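Asks: Sequence below, structure please.
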Amino acid sequence: MASRKVVPMKKRFRPNLALFIFFLILIYLGVITWGYVNKKHVSIYEVNTTNISDDSPMYGMILRSEEVVQAKEDGYINFYHAEGSRIGAGDIVYTLDQNGEVSEMLNQLQDSGKNQESVTAMREVTASFQNTFSLSSYSMLENFKYDVNNILFEKTNGNLYSNLSNALKASGKSKTFTRYKSNKNGVISYSVDGYEKYKKTDITPALLDEYGKSTRQQLQTTERIRSGNPVYKLVTDNTWTLVVKLDQEYYEKLQEADTVRITINKDNISLNASVELWDQGEIHFASLTTSRFMERYINDRFLQIELNLKKASGLKIPNSSIAKEDYYVLPANVITKGEKGNGVIKQIVDKEGKISQQFASLGNYFIRNEKYYVDDTVVTGGDKLMIHDTGQQFTVSDKESVSGVCCVNQGFSQFRPIEILYQNKEYTIVSDSTSGGLTAYDHIVVDPSSLGDTDFIE
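Replies: Numbers count the residues shown, from 1 in each chain. Sure, this is the predicted structure:
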């Protein structure tokens with residue numbers, strides 16, 4: 001049998017389309033990745049309106065015109081004015097009896113005078129107590145008890161003394177008590193803390209640190225008191241002063257201030273107070289004086305406050321976005337209107353020495369203090385501009401460095417001036433009413449150091 005010779009056939013090359021497309025995609029991704037890694041990246045920040053406050057809370061000690069009235073004899077005390085009420089000289093403040101019968105009769109009269117208004121007021125006091133109470137301030141419970149009693153007393157004492165007098169006459173006991181009147185006008189308080197006679201010269205740094213140690217002694221009691229014990233306190237002037245200790249930064253900020261706006265953290269009340277600075281050795285103090293809300297804080301000796309010196313409202317921007325540009329400063333009398341808006345009339349000298357006039361649009365400019373700020377694409381130092389109302393010439397020379405940011409709303413970088421209202425370590429609050437400046441929702445460059453004015457942003 002004849003042998004057969006097997007000749008291998010060469011395989012015909014057939015291109016693999018899928019593999020080819022895969023390599024194309026791989027190359028494309030590599031090019032994109034390389035471009036992205038080497039591309040200059042620009043971070044954009046959206047401007048928003050906000051409030052910022054970095055004020056540090058501080059404690060101040062209250063100084064008032066206060067007089068403590070002592071009992072003139074032993075006995076049981078009964079009052080006829082609610083705490084915080086204004087009384088006049090000659091008004092009956094309290095009565096004193098020897099056996100407590102007047103107190104029992106007063107309780108009966110007050111019980112009969114309770115009404116829905118009293119209940120509503122007590123609910124408000126209770127809600128306030130619930131919102132502010134903490135276990136670390138257990139003494140607030142005692143104050144709360146007296147606040148509730150004072151509400152009841154305030155709502156039922158309208159004709160309390162007259163009703164008592166009539167009731168005692170009817171029972172034949174009208175001569176069993178002694179009446180005591182006020183010698184001065186003022187606002188009455190039924191608590192003392194031992195600081196009533198302190199003056200500004202008595203204030204020390206150590207004293208201001210006692211804000212958590214101050215105790216309030218309530219004078220309203222059902223117990224028999226002895227002669228010479230305090231009965232009530234009378235505040236004889238609406239003006240009161242908060243004395244605070246200042247660090248160097250606050251001290252410098254208040255150097256030129258006549259008044260400052262303070263916020264009392266207890267109930268978020270804000271008010272204006274006159275400022276007086278003084279030193280004790282190397283320690284700085286400020287006396288903050290006002291005649292508002294004296295009755296509101298009549299039983300407080302220390303208040304936590306903020307001075308509102310490190311707060312502002314406006315447009316918030318990151319500090320890193322702030323740059324500086326040099327602008328030429330032009331007076332208003334060289335600005336004229338043309339077909340393309342505001343501009344200036346420049347004197348042009350050609351190569352042959354021929355003088356002509358040319359209108360130049362101001363382009364990207366802004367106004368501050370009635371002066372026009374323009375960049376060097378419009379004018380340069382030494383340019384001659386026509387003063388439109390006199391025909392005389394003004395020579396461009398003055399230049400100022402202006403703080404601003406790079407705005408990219410339209411896809412390219414455009415410098416916008418800013419007026420700084422407040423600045424901390426991270427952010428700056430700027431005015432939203434700066435001529436040619438920022439508005440809410442503008443987009444600015446976080447780090448403008450890598451960009452130039454009019455650079456396009458991809």
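Asks: can we go C-alpha only for contacts and neighbour counts from here?
Replies: Noted.
Asks: For stretch 249-259, list every residue counted as buried.
Replies: Going by neighbour count (16 or more other Cα atoms under 10 Å), the buried part of stretch 249-259 is 250-251, 254.
Asks: go on, stretch 309-328?
Replies: Going by 16+ other Cα under 10 Å, stretch 309-328 has these buried residues: 309-319, 321-323, 327-328.
Asks: What is the nearest of the buried residues of stretch 249-259 to residue 185?
Replies: Comparing these against residue 185 with Cα to Cα places residue 254 closest, at 35.2 Å.
Asks: Which residue, other than its chain neighbours, is closest to residue 192?
Replies: residue 217 (5.3 Å; Cα to Cα, 6 or more residues apart in numbering).
Asks: Could you point out the longest strand of the chain?
Replies: strand 269-280 (DSSP state E).
Asks: Which pLDDT value belongs to residue 341?
Replies: On the pLDDT scale, residue 341 is placed at 82.
Asks: contacting residues for the nearest residue to it once chain neighbours are set aside?
Replies: Closest residue to residue 341 apart from its sequence neighbours, by Cα to Cα, 6+ apart: residue 361 at 6.8 Å. Residues in contact with residue 361 (Cα atoms under 8 Å, 6 or more residues apart in numbering) are 338, 340-344, 378.
Asks: From residue 290, how far off is the residue nearest to residue 192?
Replies: According to Cα to Cα, to the nearest Å, residue 217 and residue 290 sit 26 Å apart.
Asks: between those two, which one's more packed in?
Replies: Neighbour count, other Cα atoms under 10 Å: between residue 217 and residue 290, residue 290 has more, with 18 against 13.
Asks: from what I can see the more buried one touches residue 276, true?
Replies: No. Counting by Cα atoms under 8 Å, residue 276 is not a contact partner of residue 290; they are 11.8 Å apart.
Asks: Endpoints of stretch 360-374, how far apart?
Replies: Taking Cα to Cα, stretch 360-374 runs 11 Å from one end to the other.
Asks: Buried residues, that stretch. List them.
Replies: Using 16+ other Cα under 10 Å as the test for burial, stretch 360-374 gives 360-362, 365-367, 372-374.
Asks: how close does the residue nearest to residue 341 get to residue 396?
Replies: The spacing between residue 361 and residue 396, counted by Cα to Cα, is 16 Å.
Asks: same check, this time on residue 278
Replies: 49 Å.
Asks: who has more neighbours, the two?
Replies: For residue 278 versus residue 396, the count of surrounding residues by other Cα under 10 Å is larger for residue 396: 17 against 12.
Asks: So that one versus residue 404, what's the distance?
Replies: Following Cα to Cα, the distance that separates residue 396 from residue 404 is 22 Å.
Asks: now swap in residue 239 and tell me
Replies: Residue 239 is 45 Å from residue 404, where distance means Cα to Cα.
Asks: of those two, who's got more company?
Replies: Using other Cα under 10 Å as the criterion, residue 239 and residue 404 rank with residue 404 on top: 21 against 15.
Asks: quick one: pLDDT of the residue nearest to that one when sequence neighbours are not counted?
Replies: Closest residue to residue 404 apart from its sequence neighbours, by Cα to Cα, 6+ apart: residue 417 at 4.0 Å. Residue 417 is assigned 93 on the pLDDT scale.
Asks: one step back: tell me the one of the buried residues of stretch 360-374 nearest residue 243?
Replies: For those, the nearest to residue 243 is residue 367 (43.1 Å; Cα to Cα).
Asks: Tell me the spatial nearest neighbour of that closest one, not counting adjacent residues.
Replies: Using Cα to Cα, 6+ apart and skipping the chain neighbours, the partner closest in space to residue 367 is residue 435 (5.6 Å).
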